[in-house]
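>>> Here is the input, now give the coordinates:
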Amino acid sequence: MKSTKKNFEEQLNRLQEIIDILDNSDTPLEEMMKVYEEGIELTKILKDYLNKAELKVIEIGKGLENQIEEPILI
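Here you go, the predicted model:
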């Protein structure tokens, strides 16, 4: 599955669909294995996205701290 073209919310929604499929006891085992693999890949992609977002927030926060700590010249 090429997930890179979908946005975060679309990928998260697909992961929820996968969870619902896996929770359904009527789902054939072969399909469960297929969607399980897809779910693992989506989990990796979403975790990476969140890690990058966290780093960006930290970077922005440090930039704001530096601006606040700089003396204002009048």
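>>> When you work out contacts or count neighbours from here on, use the C-alpha atoms and nothing else.
OK.
>>> Show me where the protein dips below the pLDDT cut-off.
Applying pLDDT under 70 to the chain picks out residues 1-5, 68-74.
>>> which stretches of the chain form helices?
Using DSSP state H, the helices of the chain run over residues 8-23, 29-69.
>>> Quick check: which of these is buried the most?
Comparing the helices of the chain by mean neighbour count (mean count of other C-alpha atoms under 10 Å), helix 8-23 ranks first with a mean of 15.
>>> how far is it from where the chain is centred?
12 Å (C-alpha atoms, centre = their mean, to the nearest Å).
>>> For that helix, list the C-alpha coordinates in CSV.
Below are the C-alpha coordinates for helix 8-23, written out as CSV (Å, rounded to 0.1, in the frame of the first residue of the first chain):
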residue,chain,number,x,y,z
PHE,A,8,-2.4,11.8,8.4
GLU,A,9,-6.2,11.7,9.1
GLU,A,10,-6.9,9.4,6.1
GLN,A,11,-4.2,7.0,7.3
LEU,A,12,-5.5,7.1,10.8
ASN,A,13,-9.0,6.4,9.6
ARG,A,14,-7.7,3.4,7.6
LEU,A,15,-6.0,2.1,10.7
GLN,A,16,-9.3,2.3,12.5
GLU,A,17,-11.0,0.4,9.7
ILE,A,18,-8.3,-2.3,10.0
ILE,A,19,-8.9,-2.6,13.7
ASP,A,20,-12.6,-3.0,13.0
ILE,A,21,-11.9,-5.7,10.5
LEU,A,22,-9.6,-7.5,12.9
ASP,A,23,-12.2,-7.3,15.7
